[in-house]
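Novice: dropping the sequence and predicted coords here.
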Amino acid sequence: MSLLTEKQIAIAAVRRACALTSLVFNQLRQNETLTKDDESPVTVGDFGSQAVINTVLRHAFPDDPIVGEEDSAELRSDSTEAVRHRIVELVNRILTAPLQPGENEQWGFGPERGLSTDEVMDMIDRGNYNGGSTGRLWTLDPIDGTKGFLRGGQYAVCLALIIDSVVHLGVVGCPNLPLSASNPSGPRGCIFVAVKDQGAFQFSLDDPFNPETAVPLHLPAMSTPENSCILQSVGHTRLTVNDRVAQLLGWTMPPISMDSQAKYCSLSRGEGGVYLRLAGDLGYREKIWDHAPSAILIEEAGGVITDADGEPLNFGLGRSLENNYGIIAAGKDVHSRVLKAVKQVRAEGK
């Protein structure tokens, strides 16, 4: 299954969505923030990004359902008229921009492709599918890492194609991630692409269809304590447990704390040693859009990703990863050692 068309369309959609989020990032207005049920901030970029990507998928694959993070319920109220207007303005600015290399007007791009307010709201709500174990579906996180986005840190636009519960395609756009880990103050803007059985690659976000910018990704199978550390979320994981895991592994380097699936992307190109996310709230259920786009990236880069029991992640259970204590992603040899350490820490009751 080549999925060449799906890959091209997904890259184009994520790149356009990243253009929108970058506009919001650079021109963030105080009244462009709402509050979600979990009390984390969500911005105009979230809704606009989802509308852009869902519009592209509607044109290209009208029969494919989408599991997205956002819905337009709050946006349809009178109290959010200014926010709603700003979203529609940005979505149309992005969709009607001239075609870029690798794009096709049949995907919903071009000067005549503007949408009405109701159409933009409907595009957002195309992400309301509840998921399932059979058939094709897309899952989308329009801005993963909204807190990082708001404070000027890392965030990502993440899209995956799941077929019969298995991720076959993942595209992750990271507008603020340096192109080279060895040059953190250098050019920024990466897009990471992985297709099942076809490898994983990093491209420049500015030119993702140019094969000359493609960097093959290979996650080292082994590591040494001197050059290994834990990649972890900012405030969404049990950090004391992570410290104990690092101690058991003999790792002395400080952890790298970063928002969003940019952690997975950094790991896929050899940074750190393991992405470890252990549940801080035992009642919390990981969402499939938070991991599916990057799960295939890790696997196609030669790594292993499982839950904290060492079992494969199941993306066919709906919108959430049920009965999941945490996530471990690492090179093959590293993963087995981290899994052993995690099980020991859990046995200790940490």
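Specialist: Ah, there it is. Numbering: from 1, shown residues only.
Novice: ok, V234 - contacts?
Specialist: V234 is in contact with K147, G148, G153, S257, M258, D259, counting by C-beta atoms under 8 Å, 6 or more residues apart in numbering. (Glycine included, C-beta is placed from N, CA and C.)
Novice: in strands, which of those fall?
Specialist: In strands, judged by DSSP state E, the following of the contacts of V234 are found: S257.
Novice: please parse this structure into its domains.
Specialist: Using automatic domain parsing, the domain ranges for the chain come out as 4-216, 225-348.
Novice: got the ones you listed as JSON lines, with mean pLDDT columns?
Specialist: Putting the domains of the chain into JSON lines (pLDDT from 0 to 100) gives the following:
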{"stretch": "domain 4-216", "mean pLDDT": "92"}
{"stretch": "domain 225-348", "mean pLDDT": "91"}
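Novice: show me where the stretch 1-150 of the chain has its helices.
Specialist: In the stretch 1-150 of the chain, the helices defined using DSSP state H, counting those that start in this stretch lie at 4-26, 44-60, 81-95, 117-125, 146-150.
Novice: give the other helices and strands that the first one contacts.
Specialist: Under the contact criterion of 3 or more C-beta pairs under 8 Å, 6 or more residues apart in numbering; DSSP states H and E, helix 4-26 touches helix 44-60, helix 81-95, strand 136-144, strand 156-163, strand 166-178, strand 188-195.
Novice: same thing but 6 Å
Specialist: Applying 3 or more C-beta pairs under 6 Å, 6 or more residues apart in numbering; DSSP states H and E, we find helix 4-26 packed against helix 44-60, helix 81-95, strand 156-163, strand 166-178.
Novice: could those go into a markdown table alongside distance to A308 and mean neighbour count?
Specialist: Shown next, in a markdown table, are those (distance: least, C-beta to C-beta, whole Å; neighbours: other C-beta atoms under 10 Å):
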| stretch | distance to A308 | mean neighbour count |
| --- | --- | --- |
| helix 44-60 | 28 | 27 |
| helix 81-95 | 38 | 19 |
| strand 156-163 | 21 | 28 |
| strand 166-178 | 19 | 25 |
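Novice: of all these, which one is nearest R113?
Specialist: Smallest distance to R113 across these (C-beta to C-beta): 4.8 Å, for helix 81-95.
Novice: what ranges does the stretch 151-300 of the chain have for its helices?
Specialist: Secondary structure of the stretch 151-300 of the chain, counting by DSSP H, counting those that start in this stretch: helices at 239-249, 262-268, 292-300.
Novice: select, out of the ones you listed, the one closest to R84.
Specialist: helix 292-300 (27.4 Å).
Novice: give me the most central residue, the chain.
Specialist: C158 (3.3 Å; C-alpha atoms, centre = their mean).
Novice: mind checking how far that residue is from R337?
Specialist: Noted for C158: a distance of 28 Å to R337, by C-beta to C-beta, to the nearest Å.
Novice: one more: R277?
Specialist: Distance of R277 to R337, computed by C-beta to C-beta: 17 Å.
Novice: which one's more surrounded, the two?
Specialist: Taking neighbours as other C-beta atoms under 10 Å, R277 and R337 compare with R277 leading, 24 against 20.
Novice: with adjacent residues omitted, what lies nearest to the more buried one?
Specialist: The shortest distance from R277 to any non-neighbouring residue, by C-beta to C-beta, 6 or more residues apart in numbering, is to I327 (4.4 Å).
Novice: that neighbour touches L278, doesn't it?
Specialist: No: I327 is not in contact with L278 according to C-beta atoms under 6 Å; the separation is 8.0 Å.
Novice: more neighbours: the two, which one.
Specialist: Ranked by neighbour count (other C-beta under 10 Å), I327 and L278 place I327 first, with 24 against 21.
Novice: hang on, the earlier thing: Serialize the helices of the stretch 1-150 of the chain to a markdown table and add fields for distance to G170.
Specialist: Output for the helices of the stretch 1-150 of the chain, formatted as a markdown table (distance: least, C-beta to C-beta, whole Å):
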| stretch | distance to G170 |
| --- | --- |
| helix 4-26 | 8 |
| helix 44-60 | 14 |
| helix 81-95 | 22 |
| helix 117-125 | 22 |
| helix 146-150 | 20 |
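Novice: now do the same for the residue nearest to R277: helix, strand or coil?
Specialist: strand (DSSP: H, G, I helix; E, B strand; the rest coil).
Novice: would you mind measuring from it to V14?
Specialist: Per C-beta to C-beta, I327 is found 22 Å from V14.
Novice: then A279?
Specialist: A279 is 28 Å from V14, by C-beta to C-beta.
Novice: one more: D64?
Specialist: Distance from D64 to V14, by C-beta to C-beta: 16 Å.
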